[in-house]
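Q: based on what follows, work out the 3D shape:
(2 chains)
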Amino acid sequence: MATLSIPNPVPSAIEDAEKLRKAFQGWGTDEKAMIAVLAHRDAAQRKQIKIAYEDQYKEKLLKRIESEISGHFERAVYCWIFDPVERQAIMANIAIKNKVVDFPVIIEIACINSSNELLAVKQVYQSLYKHSMEEDVASHATGDFRKLLFALVGTYRYDGEEINTELAKTEAKILNDAITKGEYNSDEIIRILSTRSKAQLQATFNCYKDAHNLSITKALSTKTPNDFVIALRAAIRCRTTPTKYFEKVLRNILQKSGMDEDALTRVIVMHAEKDLKEIKELFQTRANMTLEQAVAKKTSGDYENFLLALIGN
Amino acid sequence: MADETLSLKKAFSGHGGFGVDETTMAAMVTKWRKQPDQKSRFRSDFSGFFTKIGSIEKCEDDFLLRLKTEFSRFKNIMVLWLMHPWERDARWMHHVMHKSYPFTVIVEIACTRTSEELLGAKRAYQALFNHSVEEDVAYHIKESYSKLLVGLVSSFRYEGPQVDNDMAKWEAKALGNVIKSSGSGKLIQNEEVVRILTTRSKRHLKATFKHYKELHGKPIEEDLGANLCLQETVKCIDKPAKYFSEAINIAFKEGADKPSKLSLTRVIISRADVDMEEIKETYHKQFGVKLEDMITKNTHGHYKDTLLTLIGK
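A: So this is what the prediction gives:
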């Protein structure tokens, strides 16, 4: 469930556009007013506000925002304003064009969406960047990462509930063979992980656990941190237990030293209108504090206020 | 009697034609009404198709099978004509998994349909078979060309007008280098070859092939060795009309096998509403004979009539 809270009744798009305009006027910006509007509107409402603002004031809302605010706050608001499909296309493009392809972003987008949701992201990606997402992933990623990311992004997976138990047993064995040999980049692992449906994959991993008394992600933990294996585990988790995956990501960001604001922004913004509630609840049981408390501890200023507004304060 | 026998033998198409001449057969039933001796004489005359075990006359099994196939050509083309193109494509691709069709059918469908048509076919495949076509291809086809095939069938190519000419030139060079350094057996598994052929837009690839020819003085097909899968891929993307015209020609050749003959129906049905005019012109230019004449000469009955109508005679 979403954590996004929208006032009832919700003001019209024109009223909201006026409020934003007021927030921009004069020296400085009234960030609180900005957050009060933008962090409490859903995708359709935000779209209407963009249109109303442009109509009334003859300038693009995004351009104005970019000139009014900066830093992590600006990046967060920028990501948030778009609707989920366009947002993911934009984030995917940024991740791909990074010096080194930011593989967690691609894995998340490729694995947590349903086949049709991912397709919508790919269609918007094409209209924005005049390339297919597949060709960009394939031409920027290299080696094993290319194999994995391309397969995850490119497959239009079956989304149904049908499973074949015999097949699950066979493929659990295939996975075990590859893992025991240490062949983590094996074609079979990639094939199974990227082409099988969620239901079939879950059945396969259950068979694996039954046979070896060890979950497949634990089996894939190696003593030496290996980026590719990290990617595999992320893909496995995103495909089968996304809530747990994102909870862990948040806990890693908020409870370890150092700070990755981009990752924090990404998780909160991408899930606030989707399933942040479940992630929040799990976080609280695991971290012994609420997500709000953890975010408040590690962030500050307008950025903190914006995130807290999205989390459901 | 000799004349009638000959025309009846022809009608049963024991001699390399396609389909059966239903009208002649029906006429024979009338002619030989209440004349079992005539029929018996016909049977003993029609050696290779009928035989005797002692005093019992029996059909050769081969002949029965062949006859059933020839009778069913009309049935098949009608059923296919009624089906939605997506369902047709899905069913043809499914046949390949179970080895009754050559893998080139997958190359054909993946490369000559538009991105939307291929997507539709993939959806139909899921609805019909409860699996994604990608998972089935990856699972059932283990030959050296399977990576290429999975890539082709997963593709969701950009179809807009933009082409990055510098990139096309660069990739033409890259292909040239790979071709020079790999053995022709390894070419089909080469990552760059697979990446370029399975992710780039068709416009981009046509530009790439053009640059290749300018750089190396010959078309890329000539440098791909005996690699059928690669050859077909390039042909389908670059010159689909030529590909289809050649597929039809193979079907008409003396001694063509069953799958080759089946391409006649498949090509004509799937292209009738798309680029049949271009295919006819290409066929005439390549083989010096009009397609309608080939069809008139080599096919019979309702099957023939349907083909002629579909090609726009």
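Q: which residues does stretch A:287-294 contact?
A: Stretch A:287-294 is contacted from outside by A:250, A:251, A:254, A:255, A:279, A:280, A:283, A:284, A:308, A:311, A:312, A:313, using Cβ atoms under 8 Å, 6 or more residues apart in numbering or on different chains. Where C-beta positions appear, they are placed from N, C-alpha and C, glycine not excepted.
Q: apply 7 Å and report the result again.
A: The contact list for stretch A:287-294 (Cβ atoms under 7 Å, 6 or more residues apart in numbering or on different chains) reads A:250, A:251, A:254, A:255, A:280, A:283, A:284, A:308, A:311, A:313.
Q: list the buried residues of that stretch.
A: A:287, A:291, A:292, A:294 (16 or more other Cβ atoms under 10 Å in any protein chain shown).
Q: again with stretch B:85-95
A: For stretch B:85-95, burial by neighbour count (16+ other Cβ under 10 Å) applies to B:85, B:86, B:87, B:88, B:89, B:90, B:91, B:92, B:93, B:94.
Q: which ones are touching the third one?
A: Neighbouring residues of residue B:87 by Cβ under 7 Å, 6+ apart: residue B:124.
Q: helix or strand for it, which one?
A: Element membership of residue B:87, judged by DSSP states H and E, is helix B:85-97.
Q: look up how far residue B:151 lies from residue B:107.
A: 11 Å (Cβ to Cβ, to the nearest Å).
Q: where does the chain have its least confident helix or strand?
A: Just so you know, I chose chain A. Least confident helix or strand, chain A: helix A:216-219 with a mean of 90, by mean pLDDT, DSSP states H and E.
Q: so what touches that one?
A: By Cβ under 7 Å, 6+ apart, helix A:216-219 touches A:175, A:179, A:205, A:208, A:212, A:233, A:236, A:237.
Q: next secondary structure element downstream of that helix?
A: With DSSP H and E, the next secondary element past helix A:216-219 is helix A:227-240.
Q: show me where pLDDT drops low in the chain?
A: By default, I'm working from chain A. Applying pLDDT under 70 to chain A flags residues A:222-223, A:313.
Q: try chain B instead
A: Within chain B, the stretches with pLDDT under 70 are B:1-16, B:184, B:313.
Q: report the central residue of it.
A: With distances taken as Cα atoms, centre = their mean, residue B:263 lies nearest the centre of chain B, 2.9 Å away.
Q: OK, contacts around residue 122?
A: All of this is about chain A. With Cβ under 7 Å, 6+ apart, residue A:122 has these contacts: A:132, A:133, B:156.
Q: actually chain B
A: Residue B:122 is in contact with A:156, B:132, B:133, counting by Cβ under 7 Å, 6+ apart.
Q: give the helix, strand or coil label for residue B:52.
A: Under the three-state scheme (DSSP: H, G, I helix; E, B strand; the rest coil), residue B:52 adopts strand.
Q: which residue packs closest to it, ignoring adjacent ones?
A: Excluding the flanking residues, the one nearest residue B:52 by Cβ to Cβ, 6 or more residues apart in numbering or on different chains is residue B:58, at 7.3 Å.
Q: which strands or helices does the helix or strand that the one you found is a member of pack on?
A: Under the criterion of DSSP H and E, residue B:58 resides in strand B:56-59. Contacts defined by 3 or more Cβ pairs under 7 Å, 6 or more residues apart in numbering or on different chains; DSSP states H and E place strand B:56-59 against strand B:50-53.
Q: that older thread, output the contacts of stretch A:287-294 as TSV; include the columns secondary structure and distance to residue A:152.
A: Formatted as TSV, the contacts of stretch A:287-294 follow (DSSP: H, G, I helix; E, B strand; the rest coil; distance: Cβ to Cβ, whole Å):
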residue	secondary structure	distance to residue A:152
A:250	helix	22
A:251	helix	24
A:254	helix	27
A:255	helix	28
A:280	helix	27
A:283	helix	26
A:284	helix	30
A:308	helix	33
A:311	helix	28
A:313	coil	34
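Q: looking at these, which is nearest chain B?
A: Nearest to chain B among those is residue A:250, at 31.5 Å by Cβ to the nearest Cβ.
Q: rewinding a little: need the contacts of helix A:216-219 in JSON lines with distance to residue B:81, can you?
A: Shown next, in JSON lines, are the contacts of helix A:216-219 (distance: Cβ to Cβ, whole Å):
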{"residue": "A:175", "distance to residue B:81": "44"}
{"residue": "A:179", "distance to residue B:81": "50"}
{"residue": "A:205", "distance to residue B:81": "45"}
{"residue": "A:208", "distance to residue B:81": "47"}
{"residue": "A:212", "distance to residue B:81": "53"}
{"residue": "A:233", "distance to residue B:81": "50"}
{"residue": "A:236", "distance to residue B:81": "45"}
{"residue": "A:237", "distance to residue B:81": "48"}
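Q: is residue A:168 in contact with residue A:202, as I believe?
A: No: counting by Cβ atoms under 7 Å, residue A:168 stays clear of residue A:202, with 8.8 Å between them.
Q: neighbour-wise, which of the two wins?
A: Ranked by neighbour count (other Cβ atoms under 10 Å in any protein chain shown), residue A:168 and residue A:202 place residue A:168 first, with 21 against 16.
Q: before we move on, back to that, filter the contacts of stretch A:287-294 to the buried ones?
A: For those, buried by 16+ other Cβ under 10 Å: A:250, A:251, A:254, A:280, A:283, A:284, A:308, A:311.
Q: pull up the residues of the stretch 1-150 of chain A that are close to chain B.
A: A:122, A:126, A:130, A:131, A:132, A:134, A:135, A:138, A:139 (Cβ under 7 Å from any Cβ of the partner chain).
Q: the closest residue in space to the fifth one that isn't next to it in sequence in helix, strand or coil?
A: Distance criterion Cβ to Cβ, 6+ apart; nearest residue to residue A:132, sequence neighbours excluded, is residue B:158 at 4.5 Å. Following three-state DSSP, the label given to residue B:158 is coil.
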